[in-house]
Structure formats: structure tokens, C-alpha cells
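Enquirer: Structure, please.
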Amino acid sequence: MLDKSSVFVDDSSVTRLSICPVCRVALSKPDSIPRFALANILYHGELPNCFHDLTWVEEKICAIYCVTAHVTCLFQSSDPSQPRVFHGNTCAHDMNVVSTVSVLPRTPADVNGLLSIIFVGPGKFDPAKVGSVFHVRKQMIWQFLLWLKHHNRLYSSVALDLDVLSLYPEDDVLPGMSDRVVEDHE
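Expert: As a prediction, this is how the structure comes out:
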């Protein structure tokens with residue numbers, strides 16, 4: 001599959017392709033294909049529109065393999081007139097595959113074990129004020145797991161547990177997330 005922005009057709013109907021250097025090297029070798037080529041069966045299509053607003057935490061809850069730990073640094077505005085303004089970043093750190101599940105969704109404790117939050121600001125950290133960054137929706141998690149089980153062969157033998165799902169809120173922040181916060185008030 002080619003990205004539309006990498007295909008060029010000029011006036012004389014000559015088609016040119018723009019190929020990244022890594023792919024070009026792989027294609028120049030005999031019996032070699034690029035690492036992320038469709039032939040490697042890594043592309044499984046687009047998600048349905050109903051899942052386009054999945055949060056990264058919801059995806060992590062539904063993941064068979066966890067290969068990253070996330071460290072989020074949030075800075076609160078020092079302007080007293082804007083106490084709900086935050087900025088920051090999240091870094092995903094590669095690690096060995098630490099957990100391959102046979103039952104999903106992952107428990108909140110499992111997900112929280114892969115998160116760290118550093119909060120820098122004059123006030124106390126309030127998870128209700130961080131918007132959708134750590135937001136989870138029970139129904140969205142369950143719908144996504146059902147879709148994955150039906151459409152992705154890797155999920156076909158994974159058991160789905162409603163008791164674990166009941167540990168999540170209907171529409172709120174990840175349970176136990178506040179316990180992963182390190183506060184810096186200086």
C-alpha cells in the first residue's frame with residue numbers, strides 16, 4: 001500500500017514514487033522486502049470510525065502485549081487565574097515484553113504498573129482536571145475487545161472477563177492513577 005502523498009503523476013502520465021531510504025535499501029537487495037511491508041502481514045486495515053476516539057489508555061487496557069512504559073510530565077499553570085491550564089508531554093519507553101495476557105481487559109493495577117506521572121505545579125494534582133489524557137470508558141473498552149476478538153486472529157483465544165471490566169468506571173479517569181503521581185511543588 002502506498003501513501004497518496006508519495007505518488008506523483010506528471011503531465012506525460014509518467015508515475016514517480018517517493019520511497020523512504022530504509023525501504024529503498026531493502027528493495028535494492030535480492031529477496032528482501034521492507035520491514036513494514038504489507039507482505040509482512042503487519043497491516044490489518046483501518047479501525048471503524050466508532051473507535052477513532054479511543055484513548056491511549058483504553059488501547060493499553062485492551063493490548064495483548066505491553067512493550068512500553070509511559071512517563072507523563074504535567075506542568076500546571078503558575079497563573080492563579082488559570083488553575084486548570086496544563087501542558088506537558090508523555091514519553092513511551094521501550095522495554096521487553098513483560099506481559100502476554102490470556103484474559104482481557106487488563107486490570108487497572110496492571111495498567112497503572114506501566115505508568116508514572118510527574119506533576120509540577122503550585123497546586124495539588126487533581127485527576128479530574130486533566131481532561132481526556134488518562135480517561136477510560138467501560139463501554140468503549142468492551143466494544144473494542146469484542147471487535148478485536150471477532151476481527152483479529154491474535155485475540156480469538158483470549159478470554160474476555162466482565163468481572164475485570166467492572167473495575168473500570170463508566171466514563172472517568174483510570175482507577176488508581178492518582179497513586180502513580182509524583183508531585184513537585186517547587
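
Enquirer: How far off centre is stretch 109-116?
Expert: A distance of 14 Å separates the centroid of the chain from that of stretch 109-116, by C-alpha atoms, centre = their mean, to the nearest Å.

Enquirer: Against Phe134, how distant is the residue positioned nearest the centre of the chain?
Expert: Nearest to the geometric centre of the chain sits Trp56, at 3.4 Å (C-alpha atoms, centre = their mean). According to C-beta to C-beta, to the nearest Å, Trp56 stands 9 Å off from Phe134. C-beta here means a position set from N, CA and C on the backbone, and glycine is covered the same way.

Enquirer: swap in Cys66?
Expert: For Cys66 relative to Phe134 (C-beta to C-beta), the value is 16 Å.

Enquirer: and these two? which has more neighbours close in?
Expert: Phe134 (22 against 19; other C-beta atoms under 10 Å).

Enquirer: so that one sits right up against Glu58, yeah?
Expert: No - contact criterion C-beta atoms under 8 Å: Phe134 and Glu58 do not qualify, at 10.2 Å.

Enquirer: In CSV, list the C-alpha atoms belonging to whichever helix in the chain runs longest.
Expert: Taking DSSP state H as the criterion, the chain has its longest helix at helix 138-151. C-alpha atoms of helix 138-151 as CSV (Å, rounded to 0.1, in the frame of the first residue of the first chain):
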residue,chain,number,x,y,z
LYS,A,138,-16.1,1.0,30.2
GLN,A,139,-18.4,0.6,27.2
MET,A,140,-15.7,1.6,24.7
ILE,A,141,-13.3,-0.9,26.2
TRP,A,142,-15.8,-3.7,25.9
GLN,A,143,-16.9,-2.8,22.4
PHE,A,144,-13.2,-2.6,21.3
LEU,A,145,-12.4,-6.0,22.8
LEU,A,146,-15.4,-7.6,21.2
TRP,A,147,-14.4,-6.1,17.8
LEU,A,148,-10.8,-7.3,18.2
LYS,A,149,-11.9,-10.8,19.2
HIS,A,150,-14.1,-11.0,16.0
HIS,A,151,-11.6,-9.3,13.6
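
Enquirer: Which strands and helices lie in contact with that helix?
Expert: Contacts defined by 3 or more C-beta pairs under 8 Å, 6 or more residues apart in numbering; DSSP states H and E place helix 138-151 against helix 56-61, strand 159-160, helix 162-165.

Enquirer: Tell me which of these sits nearest to Pro30.
Expert: helix 56-61 (38.0 Å; C-beta to C-beta).
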